[in-house]
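S.K.: Sharing a model that was predicted from the sequence below.
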Number of protein chains: 2
Amino acid sequence: MARAGGPVPGMSAGDYASRIVRVRAAMARRGIDVLLASVGHDLPYLTGYHAMPLERLTMLVVPLDGPVTMVVPRLEVPRVVPQPGVFEVLPWGETEDPVALVAERAAGARTVAVGDQMWARFLVELLPSMPGARFVRAVDVMGELRMAKDQREIDLLRAAGAAADRVAADLQAGRIPLVGRTEAEVSADLSARLVSEGHDVVNFAIVAAGENAASPHHHPGSRTIRHGEIVLCDFGGTMGGYCSDITRCVHLGEPSPEVAEAYRVLHEAQRAGVEAAVVGASCQDVDRASRAVIEAAGYGEYFVHRTGHGIGMEAHEEPYMVEGNDRRIEAGFAFSVEPGIYVPGRFGMRLEDIVVATGTGPLPMNAADHALVVVEA
Amino acid sequence: MARAGGPVPGMSAGDYASRIVRVRAAMARRGIDVLLASVGHDLPYLTGYHAMPLERLTMLVVPLDGPVTMVVPRLEVPRVVPQPGVFEVLPWGETEDPVALVAERAAGARTVAVGDQMWARFLVELLPSMPGARFVRAVDVMGELRMAKDQREIDLLRAAGAAADRVAADLQAGRIPLVGRTEAEVSADLSARLVSEGHDVVNFAIVAAGENAASPHHHPGSRTIRHGEIVLCDFGGTMGGYCSDITRCVHLGEPSPEVAEAYRVLHEAQRAGVEAAVVGASCQDVDRASRAVIEAAGYGEYFVHRTGHGIGMEAHEEPYMVEGNDRRIEAGFAFSVEPGIYVPGRFGMRLEDIVVATGTGPLPMNAADHALVVVEA
């Protein structure tokens, strides 16, 4: 299935083995006896292998010590790249019960950490086999490893960001025709350009014109784009195993004073969010910094979402830049800073970069023009 | 996000309301107090709305009686098409806890049915709020509704199947160049053709050449396709809310006697599986019928997977054509019949149609040539 992320270049069995060592240390600190990783990105982070999101269970069983086992449908075994010393493969046949195999390997565990995106059906099937166990989110331990990116990961995020920037530059230079095309057509165009710029997978390509831009997750549809309106484009994909995510708005012809003024506020809010993204600040400080600018200008009620989300192997992952998240930002944390202003029925706008916190300050992964660029076609 | 399935044409609020009535009847029969539907296809089946697979929870809470509530992130609310009399929308803001809202609406339930593909994190978060509850799979009740397709659904499956057939015909007519291209390039070509034939989303496009075809879920890669080998293509997508799925193999130049003989057996096995797909037979009878042919010919060890899977709004859904599944086939059941022969390191082959069981016998949704067509380019 082409949707699964590709392999991360340059990772060796030794790299994965050292991640297993680190996750076990985190498990021990938190009193977790076994960790279960299935669909989602904890599994490839620990092994290089992506499970297909299918009814056939793939699950990595990581006990505090002893062998790590990957329970895999027999017909997927040819796709598993062995990592010597990291995990053993336990294939299951079509008439076997894979959940029983997992329960056997997790027997006796009192606290079990499960991956966020594992299908609930497998947890439902596991519950009766582990009546005394307490279940917690694996993100509690995996987040410790995955949030702080190392230099290789930052380089991959930068490469993905630069590829997305080139698509944004096409948009801002008027090389992507807009007027008279549908949102869906422009979305397909952005997607194709993400791929031709090097992405392995397109994760999303939101295109929202005029009043549609007031819906932050608008699904690009048959609405034809017209002269005189704003076009919000939020797109990203996966490249070398790591994600890009950028939002730029362009305006077809000169914007009205109202739109121009709102964008001026948005731009300032985004810059304030980036400047607040320093090591030692809290995640909610980033949200507060962007929000304060928007609220002071009187648009507070129109900024209806958090300011950002972590990014790495997943397009959205920990940490989230949201009120109530007092987690301290560490060097290597990578996340979006993307305030928005959405006036229902009229227009919307969002401005988004990916930023990595470093010891010497916030390091943006995107450099495409931050202005509301006017295009004519 | 363009990946979510599109709306199903022609469905009205009344249609959804009648499905809610039917699911409640099934819940009552099975002693289920509340049903929770999130990511996956139970939610759109009941409401027309697809939840994005994101960390922000969307969940439909269906109690045995009283209001049905859709808990939705506030910023997704503009995407929800209201269905009067079917559900109420309960938006949650970025700093609220949506799981608490679900727990409140499910309070007192002793048996809770959860959708298969709901993210495990939400079940993990729900467990402590419902300490006495028993959790079961929602498929136990939803399957009763979803497995037996009505005429509108069968028409949509037929339209999707016909579109996939046109792509298969392109392949068999040699209109898709193979020799000298990579599997990944041919996969992209098949995907583009699925879209141009009317699919809204491509779900997969497996292309496996020569010895790679011995891995049933091979990920199309940089392997260049050569003259003299078999090329297995398994592709499908979603069109009008319903899925296609077809596998055809072509051979570049005349096959060896060994490959030709194996294919003759495969073809006979596939036909036997289709012929066994009659109302009143069991699901495992279909598997047994195909498998018996392959085993009698001495290839039993090379047929490493079940014979088929249900299909509808999902590419893989209940029921599964597998040994041990003694469920009786009813009129309207739709599923694949796809035996395969995989000789490790040498070659593989699979032949797949979608079939709907009807009162007058099995009705294939695919009609593309079943032979191992020889192509030259």
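M.R.: Perfect, thanks for sending it. Residues are numbered from 1 along each chain as shown, chains lettered A, B, ... in the order given.
S.K.: Write out the residues of the stretch 251-377 of chain A neighbouring chain B.
M.R.: Within the stretch 251-377 of chain A, the positions near chain B by Cβ under 8 Å from any Cβ of the partner chain are A:Val304, A:His305, A:Arg306, A:His309, A:His316, A:Tyr320, A:Val322, A:Glu323, A:Gly324, A:Pro344. The C-beta positions use only the backbone N, C-alpha and C, and glycine is treated the same way.
S.K.: Number of residues surrounding the closest residue to the last one other than its chain neighbours?
M.R.: In this structure, A:Pro344 finds its nearest non-sequential neighbour in A:Ala214, 5.1 Å apart by Cβ to Cβ, 6 or more residues apart in numbering or on different chains. A total of 23 residues lie near A:Ala214 under the criterion other Cβ atoms under 10 Å in any protein chain shown.
S.K.: OK, contacts around A:Ala214?
M.R.: A:Ala208, A:Tyr342, A:Val343, A:Pro344, A:Gly345, A:Arg346, A:Phe347, A:Gly348, B:Pro78 (Cβ atoms under 8 Å, 6 or more residues apart in numbering or on different chains).
S.K.: change it to 7 Å
M.R.: Counting by Cβ atoms under 7 Å, 6 or more residues apart in numbering or on different chains, A:Ala214 touches A:Tyr342, A:Val343, A:Pro344, A:Gly345, A:Arg346, A:Phe347, A:Gly348.
S.K.: Point me to the residue of the stretch 201-350 of chain A nearest chain B.
M.R.: A:Ser215 (3.7 Å; Cβ to the nearest Cβ).
S.K.: follow-up on the earlier one: export the contacts of A:Ala214 as JSON lines, with columns for secondary structure.
M.R.: Formatted as JSON lines, the contacts of A:Ala214 follow (DSSP: H, G, I helix; E, B strand; the rest coil):
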{"residue": "A:Tyr342", "secondary structure": "strand"}
{"residue": "A:Val343", "secondary structure": "strand"}
{"residue": "A:Pro344", "secondary structure": "coil"}
{"residue": "A:Gly345", "secondary structure": "coil"}
{"residue": "A:Arg346", "secondary structure": "coil"}
{"residue": "A:Phe347", "secondary structure": "strand"}
{"residue": "A:Gly348", "secondary structure": "strand"}
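S.K.: just the strands in the stretch 101-250 of chain A please.
M.R.: A:111-114, A:134-137, A:201-209, A:230-239, A:242-243, A:246-252 (DSSP state E, counting those that start in this stretch).
S.K.: which residues are contacting the helix or strand where A:Arg29 lies?
M.R.: Following DSSP states H and E, one finds A:Arg29 within helix A:13-30. Applying Cβ under 7 Å, 6+ apart, the contact partners of helix A:13-30 are A:35, A:45-48, A:62, A:64, A:68, A:83-86, A:140-142, A:144-145.
S.K.: From the chain's centroid, how far away is that helix?
M.R.: In terms of Cα atoms, centre = their mean, to the nearest Å, the centre of helix A:13-30 is set 22 Å apart from its chain centre.
S.K.: Could you measure from the residue at the greatest distance from the centre of chain A over to B:Gln284?
M.R.: Ranking residues of chain A by C-alpha distance from their mean position (Cα atoms, centre = their mean) puts A:Thr95 at the top, at 35.7 Å. For A:Thr95, the distance to B:Gln284 (Cβ to Cβ, to the nearest Å) stands at 10 Å.
S.K.: For those two, list the residues in contact with both.
M.R.: With Cβ under 7 Å, 6+ apart as the test, A:Thr95 and B:Gln284 both reach B:Val322, B:Glu323, B:Gly324.
S.K.: Would you mind giving those as JSON lines with secondary structure added?
M.R.: Formatted as JSON lines, those follow (three-state DSSP):
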{"residue": "B:Val322", "secondary structure": "coil"}
{"residue": "B:Glu323", "secondary structure": "coil"}
{"residue": "B:Gly324", "secondary structure": "coil"}
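S.K.: List buried residues within those.
M.R.: B:Val322, B:Glu323 (16 or more other Cβ atoms under 10 Å in any protein chain shown).
S.K.: which of the shared contacts of A:Thr95 and B:Gln284 are close to chain A?
M.R.: B:Val322, B:Glu323, B:Gly324 (Cβ under 7 Å from any Cβ of the partner chain).
S.K.: Any chance of a markdown table for those, columns pLDDT and distance to A:Ala17?
M.R.: Listed next are those as a markdown table, based on pLDDT from 0 to 100; distance: Cβ to Cβ, whole Å:
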| residue | pLDDT | distance to A:Ala17 |
| --- | --- | --- |
| B:Val322 | 96 | 36 |
| B:Glu323 | 96 | 38 |
| B:Gly324 | 95 | 38 |
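S.K.: and the lengthiest helix in chain A, what other elements does it pack with?
M.R.: Ranked by number of residues, the top helix in chain A under DSSP state H is helix A:151-172. If you count contacts as 3 or more Cβ pairs under 7 Å, 6 or more residues apart in numbering or on different chains; DSSP states H and E, helix A:151-172 packs onto helix A:183-196, strand A:230-239, strand A:242-243, strand A:246-252, strand A:353-358.
S.K.: who wins for proximity to B:Val356 among these?
M.R.: helix A:183-196 (30.7 Å; Cβ to Cβ).
S.K.: for the closest one, which positions count as buried?
M.R.: For helix A:183-196, using 16+ other Cβ under 10 Å, the buried residues are A:Glu183, A:Ala184, A:Glu185, A:Val186, A:Ser187, A:Ala188, A:Asp189, A:Leu190, A:Ser191, A:Arg193, A:Leu194, A:Val195.
S.K.: How about the contacts made by the first one?
M.R.: If a contact means Cβ under 7 Å, 6+ apart, then A:Glu183 has A:Val207, A:Ala208, A:Ala209, A:Asn212, A:Pro220, A:Gly221, A:Arg223, A:Ile225 as its contacts.
S.K.: Max pairwise distance over those: which two?
M.R.: A:Gly221 and A:Ile225 (11.2 Å).
S.K.: Wait, A:Glu338 touches A:Arg350, no?
M.R.: Yes - the criterion here is Cβ atoms under 7 Å, and A:Glu338 meets it with A:Arg350 at 5.7 Å.
S.K.: any residues in contact with both of those two?
M.R.: With Cβ under 7 Å, 6+ apart, A:Glu338 and A:Arg350 have common neighbours A:Thr247.
S.K.: Quick one: low-confidence residue ranges for the stretch 1-150 of chain A.
M.R.: Within the stretch 1-150 of chain A, the stretches with pLDDT under 70 are A:1-7.
S.K.: give the contact list for A:Arg181.
M.R.: A:Ile225.
S.K.: give me phi/psi at it?
M.R.: Per-residue torsions, A:Arg181: phi -100, psi 160 (degrees, to the nearest 10).
S.K.: can you pull the pLDDT of it?
M.R.: Model confidence at A:Arg181, given as pLDDT, is 97.
S.K.: Nearest residue to the middle of chain A?
M.R.: Short answer for chain A (Cα atoms, centre = their mean): A:Ala315, at 1.7 Å.
S.K.: How about the secondary structure of it?
M.R.: Applying three-state DSSP: A:Ala315 is coil.
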